[in-house]
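> fold the stuff below for me.
(chains A and B)
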Amino acid sequence: MPIFYLDNKEVSFNEGETILQVAWREGIFIPVFCFHPHLPVFAGCRVCLVEVETKRGRTLVPSCATQASEGIRVFTDTEKVREARAGQLEFLLLNHPIECPVCDAGGECDLQNIVYRFGKTTSRFFFEKRKRERKYAGPFLELYPNRCIVCYRCVSFYRDIAGGDDWGTLKRGNETLVGPLKPGPLESEFSGNMIEVCPLGAITGRDYRFSSRPWEHKEFNSISPHDSIGANTRVFARVGGPFGRGPVITGGKRGEWHHILRVNIRVNPDVNGPWIDDRTRFTHGFVDSRDRLKEPLLKRDDTLRAVSWDEAIEKAILGLKNIRETYGPQSIGMLTVGRGTNESAFLFAKLAREGIFTQNVDSRPTYGHSSLDPVFEILGSSISTAVIKDIEESDLIVVFGVDIKNRFPLLGLNLMSAQKKGSDIALIFPYLDKASGRWATRHVEALPNEYEKIAFAFTKEISDILGISVEIKGDFLSDKIDREELKDLADVFVRAKKPLLIFSDDLPYETQKALSLASVLKGESAVLYLRMYPNGQGFVDAGVHPSLLTGQRPSAFLGKSTLSMLESLKEGDMKGLILLRVDPLSEFPNRDLTEQALKKAEFVLILDSFETKSTRFGDAVLPLATFYEEEGTYTNTEGRVQYAGKILDPLGISRPAVEVLKDLLSGFDVTINGGPKELFESMKEENLIYKDIDYGQVKIKEEAFPLEIPSLRGIKKVFRTPLATYPRVKKIGTLSLSEIEGEGEFVIHRGYRLFKSRCTTRSPLPREIDGGVGLGISPEDAKALGIGRGDWIIVEGEKGKVRTPIFVNEYLPKGVLEGVWPFTDFPLNRFIGIRGFGWVRLKTTIPKEAK
Amino acid sequence: MGQAQDHNPKGGKVVSPLGLLKGLSITFKHIFVKKFTVQYPEEKRKLPARARWLHVLQRHEDGLERCVGCMLCAAACPTEAIFIIAAENTEEHRVSHGDRYAKVWDLDLGRCMFCGYCVEACPEEAIYMSDVYELATYKRDGLILHKEDLIAPPGSSPKWAWSGFYRKEPKEKKPLTQGLRHLKEFEEYLRGTQYGEHEPKGKA
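Numbers count the residues shown, from 1 in each chain, chains lettered A, B, ... in the order given. Sure thing, here's the model as predicted:
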């Protein structure tokens, strides 16, 4: 290993390492402003100057940009270095207003820290400082150009890492101005990272502004509850009550001072790396949402009335037992989606199979319809075969029917980095928008009603090229599909060294099966199976699945899937329903079917944190704590088990799901004792997938940086989380085309918006982002109909009419409509079938009017 | 030893009156000396010029609050007696200069030890410690004072912050007591101001 001399000490280095990296590793602190370990080197601030003695004499060099070389002598703390640093800091402070008392970064500011340690105490600048007005930069950020020292970190992040182009610099030299390049909100879904990238308080987050000081709040390790990637976060909450001794953070009454202040990055190289998305960062206000359920409710005389917990639990158990005794256990269905802890999923499955003795339990998205699991059938386990980091190492990636930007935004960063490394990335989706344009190299236009055919054709082409015969039933080779393009893609796929298929679990059953089959045909190909709901993987692992028991063991007895449960309820074959954290009316397709099923059910028990459209159908409603109010483990889409702790006390008298399920189980003579750790251990005994996972490791496994570096606020520690082990037995199955439903003028499918989901619409900040409400329409159709954004329209289908506002989605192809999920206010899911699309007509007879 | 001292060698038990007279002479002398005690609470003593008691939050000359809610006093406080929630000034609702003001500025007198660190820490010279020392209450809640109790009345002299330390004689009607809502004088004052609409808090 080559060596050089650092402050007269012999140190070894790896080829290509910079002086700064070596010095930091050796525990010598060199201050930096423009340098950030996860951003390209800029070398503009000149605070990291060190003195280097070479054969040509002694000179000052920026250590962040100078690679170490054999035998050089580096001095980090000579008189010359000190003076250069202090002079540089004096320059940085020339126009920097000393308004630390009102600045948000005060107390965690790099400029403060570094000037305090390395700078001069006085300034020789007696002219008036440059003044600039603060600037609006979208609903999340506020920019103070006055404070900016033009280190270019944010520009570097926004343009190079996030791929955005509406943030940058204006003017030159002393007049350089960093900020948004056009009015209105920022386009990028990663803009919030700039708050943490900024070494001082020039960019501040609107959620945290003025609310606290670093010494006032407490930090908690948590994860993102908004998608199944499970980005690691640090959550800050204000410590103590008004008088210090007052209510501590997890006890006592909740007041104004007792809330989540902000969510920051926690570095986990396996999951989110050093960045998080804006949905994760700014969605935390839902905890105090106005429609939180605060006390148990029971239905009396057709109205829900507040009762005590004891009474509610007693009535809930009684109601379920009545149904079971009158109609048999199989007449009770248990519905949920992947929301909540693994522990609650485990108890939910236990309540079904050991308490009530029903097999009708499901947690998967209703789109696609079978009790069987398509990925389990083909790949041997219902889980991705790849991990998220594999994206960056794959040479061909096929993204099938997933709106990455609006549903799994963090994967966008991985895909962009893969594209930079030269991977070929194909997107099979109705349209290619600006965000996907940053990484997609190919685009196969697929209308939502053609997903299945395209998946079949893709698999067929692969099997043809490889010469493996696969049985595929149905006439899938219609004229509408561009076969040449698919053939080309299949050809590249087969020739690729490490191809990767990305699709989600809300695609139709046969589509998922066909794609899994494609990956099995091509032996080295991996699958990244994305769960639609945050803990969908954990719920399937726990056995909240009609055909898989706890630990993904196939069940001998096939239960009913969500759709068949709703159908049975409507027919009257089933009588009871338990809903855990799900609002089937606004989230599921076939709204009319769901509504009839809920109306017909004799007893509906709802466990939820929020009042939803479905709440009024409940006979007993039990209020649950939200994500930040309960502790437990969560499994992300690649099978990584992660821990999130309790930060706040539950609102009102709501309780964690685990506690409520324990009470319900005790009514069915199943006793569960012990705290979260004991529960996890007992879960491990039954769920063999998690058998190697150590609870202590899940809770915290950190690798601290060798040096406490004030410049790197967010990345002082690196965390890692363990991966569960899944059995993998691959086999080749058969495919058969499902019937195509109906025909019509327009095809409507569900579209996702980053800030339109259960939690984001209940949080104050993300609510301000207007990604489109109601129905999305293509520009051509809008022009033909003579309507624009904000107009209202009547959507007509077989099932009736819906009046809804529209917005123009400039990327949508002609004839395709997009209903924004979840369908809380506008019941467009009336037209959308279980395959995720439906056929409708549009009517514009009504005059323009604002709501 | 004790016995030897008590024993009179001449035999008789004679007590000299000199000691008694000596003691009484001091008593008599003090009849003519100026009285040291005062009839508190009817009569109050003049405090030293630098007495530092209850905090008063100051205002600028234009009537805006000096406090910007930076929380440095709360950080400096060794007993954690100060609690602040800051908020943003808007055009319609401007409380202080700049962007930030203290929406809540609570002081727990049960914890405060009048060390004056908060005064030292304040970058805006917004805190001044007055000579209001009558802070006893019948309820603990009364020890918790809010910004409304501590803020200088609008229109008061901006020189307050400095007049206290160097004043020679306290004015007849102490203006500094006006900072306390539960004091009688302040209640009288309140009747003539906009604050009078509020019910005085913590009143028995």
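> would you mark the buried spots in the longest strand seen in chain A?
Ranked by number of residues, the top strand in chain A under DSSP state E is strand A:800-808. Of all the residues in strand A:800-808, those buried under the rule 16 or more other Cβ atoms under 10 Å in any protein chain shown are A:802, A:804-808. C-beta coordinates here come from the backbone N, C-alpha and C atoms, glycine included.
> nearest to residue A:753, of the residues you listed?
Distance to residue A:753, by Cβ to Cβ, is smallest for residue A:807 among the buried residues of strand A:800-808, at 10.1 Å.
> any idea of the pLDDT on that closest one?
For residue A:807, the pLDDT comes out at 91.
> what about chain A, any weak spots by pLDDT?
Low-confidence segments of chain A (pLDDT under 70): A:239-258, A:368, A:478-480, A:700-712, A:714-716, A:739-742, A:845-851.
> which residue is nearest the centroid of it?
Taking Cα atoms, centre = their mean as the criterion, residue A:227 is the residue nearest the geometric centre of chain A, at 3.0 Å.
> and the gap between residue A:760 and residue B:16?
To residue B:16, residue A:760 is 98 Å away according to Cβ to Cβ, to the nearest Å.
> can you give me the strands in chain B?
B:55-57, B:82-88, B:100-108, B:127-129, B:144-145.
> run through the residues that contact the closest residue to residue A:372 other than its chain neighbours.
Leaving aside its sequence neighbours, residue A:372 sits nearest to residue A:547 (Cβ to Cβ, 6 or more residues apart in numbering or on different chains; 5.4 Å). Going by Cβ atoms under 8 Å, 6 or more residues apart in numbering or on different chains, residue A:547 touches A:371-373, A:376, A:554-555, A:558-559.
> the same query, at a cut-off of 6 Å, please.
A:371-372, A:555, A:558 (Cβ atoms under 6 Å, 6 or more residues apart in numbering or on different chains).
> work out the gap between the longest strand of chain A and the centre of the chain.
The chain centroid and the centroid of strand A:800-808 are separated by 28 Å under Cα atoms, centre = their mean, to the nearest Å.
> over to stretch A:584-592?
The answer for stretch A:584-592 is 23 Å, by Cα atoms, centre = their mean.
> who touches that stretch?
Residues contacting stretch A:584-592 (Cβ under 6 Å, 6+ apart): A:366, A:594, A:613-614, A:799, A:822-824, A:827, A:829-830, A:832-834.
> residue A:431: which of those is nearest?
Residue A:431 lies nearest to residue A:832 out of these, by Cβ to Cβ, at 17.9 Å.
> helices of the stretch 101-250 of chain A, start to end?
Using DSSP state H, counting those that start in this stretch, the helices found in the stretch 101-250 of chain A span residues A:110-118, A:153-156, A:193-197.
> does residue A:295 touch residue A:653 like I think?
Yes: taking contacts as Cβ atoms under 6 Å, residue A:295 lies within contact range of residue A:653: 5.4 Å.
> those two: who's more crowded?
The residue with more neighbours, out of residue A:295 and residue A:653, is residue A:295; 16 against 13, by other Cβ atoms under 10 Å in any protein chain shown.
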